[in-house]
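after the sequence you'll find the predicted model.
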Amino acid sequence: MARMTMVEAIRNAHDVAMERDDKVIVFGEDVGYFGGVFRCTAGLQKKYGKSRCFDTPISESGIVGTAIGMAAYGLRPCVEMQFADYMYPAYDQIVSEAARLRYRSAGEFTCPIVVRMPTGGGIFGGQTHSQSPEALFTHVAGLKTVVPSNPRDAKGLLLAAIDDPDPVIFLEPKRLYNGQFDGHYDKPIESWKKSELSEVDEGYAPIPLGKAKIRREGSDVTILAYGTMVHVALAAVEDSGVDGEVIDLRTLVPLDVDAITASVRKTGRCVVVHEATLTSGFGAELAALVQQECFWHLEAPVTRVAGWDTPYPHAQEWHYFPGPPRIVTALRAVMET
Amino acid sequence: MTDTPKLSFHVPDPELRPGDTPDFSHVKVPQAGSVRRPEIDERPADMRDLAFSIIRVLDRNGQAVGPWAGSLTPDQLVEGLRHMMTLRTFDARMMTAQRQGKTSFYMQHLGEEAVSCAFRLAMKPGDMNFPTYRQAGLLIASGYPMTQMMNQIYSNEADPLRGRQLPIMYASKEHGFFSISGNLATQFVQAVGWAMASAISGDSRIAAGWIGDGSTAENDFHAGMVFASTYKAPVVLNIVNNQWAISTFQGIAVGEAGTLAARGHGFGIPALRVDGNDYLAVHAVAQWAVERARHNLGPTLVEYVTYRAGGHSTSDDPSGYRPKEESAAWPLGDPILRLKTHLIEIGAWSEERHVQTEAQIRDEVVTAQKEAESIGTLHSGRHPSPREMFEDVYAEMPAHLIRQRHEVGY
């Protein structure tokens, strides 16, 4: 075990995967010599050579398109989109090609690729470095979508994603890369090394996709969150005095429905939190699921706290971001119902 | 600076539309045998001329002439003629089957048979094509069973793709035929990725990407060219220029800026233009490009100049946008007739054998069709179970799909 930041854990996952399987190939913009703008692939080119870790032209459809061809050949490409906001040129390759290749060829060709991308805001990145596009992937049959919330999960889930026989979208909350962030933007950042979630097994320790994790047990209300918002939700629970149960979904597709329904049946209340815009966000899926599966247990309407339906702003970042105060308000409201 | 004119907007138009007399006098067709054949390791910058001419082998009298002649034996050419004739007969039967309501959709190759049939002969087992929807000659020429193709077209119980794909969107790894998407150009850059993977793995296999004249305008064409150029991928990049993208003439994709092949120059990729209706020329150029790739010399861009004599698909009627007799006026002729004439000219074929072979092929296609139809066509007979609709979305069926499958009753 070693204490790692999320960036170090992701780098370590690449290292372990590349060490144990020479079919694992890593590439993307600035990924090779420099090791990525967030340093998630630093040292890999030096250790594994230019044929296994290399820089690409600035062409996201080229990156994903070539990865699909490589996967059809038999390699296991793990590629980086520099920001999730930049993935749109690759969207056709992801949706029409990677997601459907197994289906449309009846298993004749498959697409075991991982597309990693830094997601979410909180870094004053404006509208092109802050988006959370997870719902654009969860809506697509054939994709798996993963959002880790801490170094240990990032390592384990990335290893599982690379091993997976199908395409996996791996969204890395960039605000968590180098420190814990609970939405209290005016307070100092806690180092990851102070959290037990930074204790990472240095070997091959995959965490299975599709399993949620209870981060805080509680009896009053279930809070469904993923990525950065797990920490924000935990802070909001402390601020509110409500005994909330915080579930870190970890994987959005496949979704751990049992963990969600078991918790809501226990608490009778549910608040869904995400940073992405509200309308047609993944929270809508969660809310529909909870009301259908847990209707007779519910004491209050399922409530969503999400980013506003605007592009991600720059100066107004903390008015846009669904921070602890907005979640506290929602928690108190569902308790009063 | 005060006298600048009012800006005007330019939209290219084909010279001729329905009702006009077909005229291809603007298509400059060089003499067969007149275009040089460089060594495969010649520098791309030294062979730019080849993007502006048309490599041709068969002359007007059916003789094979010039430096590109001689890549195939007479026996291979007879086999090639058989492939093209089979593809044309297959197409005709399936066009009729679609009109009879036995399937929803079909796309034929009329006039373009030489391109995919001859190209396939230049590749080796293990190599991979990333085709568009108009390269079924790759399957015919590699011995893929016609019954299987028809099972796919009819989406019947024996359909290898389990009824999930639009007709003609075949896939066969064994036959070096990547799954056809139906979205345009996506496969072009995937071919480059497959070739990069082969190079990364120290393999000797190569890939070929395919694209039409219209879809060279897509983002993925350019992404494919950039990646192929950057990593010197062992790939042959084929543009089939059949003049028409549904109703849109090629000038809309390429403007009036030279040829499609010339687009290779900016990427430092050697670019050749070839008579796509000349089986011998297609094979010779394909073999040259395949050899380049196989010898670590990198990608080649090839433009096949041909003509789509039929509609884009069974949903298209070309009489609405081009002169009716245009295909008869196409200066590069019919690929089957041209190869037949050549084989007769060299004493390897005769009118009698041609007629016999036509009858034989018709029997083979009809036999395959009967076999496929005995299993089922789109609206009759046996089909894949609705249960299979839920399979292969993922390697392992997740809980939510199992639930949905149960809802359908399976």
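All right, it came through fine.

let me know the secondary structure of residue B:91.
Put simply, residue B:91 is helix when judged by DSSP: H, G, I helix; E, B strand; the rest coil.

for it, what are its contacts?
By Cβ atoms under 8 Å, 6 or more residues apart in numbering or on different chains, residue B:91 lies in contact with B:106, B:108-110. (Each C-beta comes from the backbone N, C-alpha and C, glycine too.)

same thing but at 7 Å, please
Residue B:91 makes contact with B:108-110, according to Cβ atoms under 7 Å, 6 or more residues apart in numbering or on different chains.

where's the closest residue to chain A within chain B, which helix or strand?
When you check chain B against chain A by Cβ to the nearest Cβ, the closest residue turns out to be residue B:193, at 2.6 Å. With elements delineated by DSSP states H and E, residue B:193 resides in helix B:186-200, which encompasses its position.

direction included, what does the helix or strand just after that helix pair up with?
Proceeding C-terminally, helix B:186-200 gives way to strand B:207-212 as the next helix or strand, assigned by DSSP H and E. The strands that strand B:207-212 pairs with in its sheet are strand B:128-130 (parallel), strand B:235-241 (parallel) (by DSSP bridges).

need these in JSON lines with distance to residue B:7, mean pLDDT and mean neighbour count, can you?
Below are the strands paired with strand B:207-212 laid out as JSON lines (distance: least, Cβ to Cβ, whole Å; pLDDT from 0 to 100; neighbours: other Cβ atoms under 10 Å in any protein chain shown):
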{"stretch": "strand B:128-130", "distance to residue B:7": "41", "mean pLDDT": "98", "mean neighbour count": "28"}
{"stretch": "strand B:235-241", "distance to residue B:7": "31", "mean pLDDT": "98", "mean neighbour count": "29"}
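
tell me the pLDDT of residue B:250.
Here, the pLDDT recorded for residue B:250 equals 88.

list the contacts of residue B:187.
Counting by Cβ under 7 Å, 6+ apart, residue B:187 makes contact with B:130, B:178, B:181, B:209-210.

quick one, which of those are buried?
For these, a burial check counting by 16 or more other Cβ atoms under 10 Å in any protein chain shown picks out B:130, B:178, B:181, B:209-210.

confidence-wise, which of those residues comes last?
Across those, the smallest pLDDT goes to residue B:181, namely 94.

wasn't it part of a helix?
No - inclusion of residue B:181 in a helix is not indicated when three-state DSSP is applied; the result is coil.

so the closest residue to chain B within chain A is in which element?
Nearest residue of chain A to chain B: residue A:69, at 2.6 Å (Cβ to the nearest Cβ). Remark: residue A:69 resides in helix A:60-73, with elements defined by DSSP H and E.

can you give me the mean pLDDT across that helix?
98.

how far off centre is that helix?
On the basis of Cα atoms, centre = their mean, to the nearest Å, helix A:60-73 is displaced by 22 Å from the centre of the chain it belongs to.

next one: stretch A:311-326
The gap between where stretch A:311-326 is centred and where its chain is centred comes out at 19 Å by Cα atoms, centre = their mean.

and that stretch, which residues are buried?
Taking 16+ other Cβ under 10 Å as the neighbour-count basis, stretch A:311-326 is seen to contain the buried residues A:312-313, A:317, A:320-324, A:326.

what segments of the stretch 151-300 of chain B are strands?
Counting by DSSP state E, counting those that start in this stretch, the stretch 151-300 of chain B forms strands over residues B:207-212, B:235-241, B:244-245, B:248-249, B:271-275, B:300-305, given from the N-terminal end onward.

what does chain A give?
Read by DSSP state E, chain A holds these strands, from start to end of the chain: A:2-3, A:24-28, A:53-55, A:76-80, A:114-119, A:144-146, A:168-173, A:199-200, A:213-216, A:221-225, A:244-248, A:251-253, A:270-277, A:303-307.

that older thread, the residue of chain A closest to chain B - how many residues pack around it?
Counted with other Cβ atoms under 10 Å in any protein chain shown, the burial measure for residue A:69 works out to 34 neighbours.

what about it, distance to residue A:86?
Between residue A:69 and residue A:86 the distance is 21 Å, computed by Cβ to Cβ, to the nearest Å.

can you give me the domain boundaries for the chain?
If you meant another chain, say so; for now it's chain A. Using automatic domain parsing, the domain parsing of chain A gives A:2-200, A:213-336.

oops, wrong one, chain B.
The record's domain split for chain B, according to automatic domain parsing, is B:44-378, B:385-410.

which of these is buried the deepest?
Each of the domains of chain B was assessed for mean neighbour count using mean count of other Cβ atoms under 10 Å in any protein chain shown. The highest is domain B:44-378, with a mean of 21.

show the pLDDT at residue A:337.
The predicted structure lists residue A:337 with a pLDDT of 84.

how about the residues of chain A near chain B?
Chain A comes close to chain B at residues A:25, A:51, A:57, A:59, A:61-62, A:65-70, A:72-73, A:75, A:89, A:92-93, A:96-97, A:101-109, A:141-142, A:165-166, A:254, A:257, as judged by Cβ under 7 Å from any Cβ of the partner chain.

residues touching the residue nearest to residue A:151 when sequence neighbours are not counted, list them.
Take residue A:151 and drop its neighbours on the chain: the residue closest to it by Cβ to Cβ, 6 or more residues apart in numbering or on different chains is residue A:9, 3.7 Å away. Contacts of residue A:9 were listed using Cβ under 7 Å, 6+ apart, and they are A:151-152, A:154-155, A:200.

how near is residue A:65 to residue A:101?
Spatial separation of residue A:65 from residue A:101 under the definition Cβ to Cβ is 12 Å.

neighbour count winner among these two?
Under the neighbour definition other Cβ under 10 Å, residue A:65 and residue A:101 were set side by side, and residue A:65 has more, 32 against 27.

tell me the pLDDT of the residue lying closest to the more buried one once chain neighbours are set aside.
Of all residues beyond its chain neighbours, the one nearest residue A:65 is residue B:189 (3.4 Å), with distances taken as Cβ to Cβ, 6+ apart. In this model, residue B:189 is scored at 98, pLDDT.

for residue B:189, what are its contacts?
In this structure, residue B:189 makes contact with A:61-62, A:65-66, B:220, B:223-224, B:227, judged by Cβ under 7 Å, 6+ apart.

from those residues, pick the one nearest residue B:334.
Using Cβ to Cβ, the shortest approach to residue B:334 within the contacts of residue B:189 belongs to residue B:224, at 31.0 Å.
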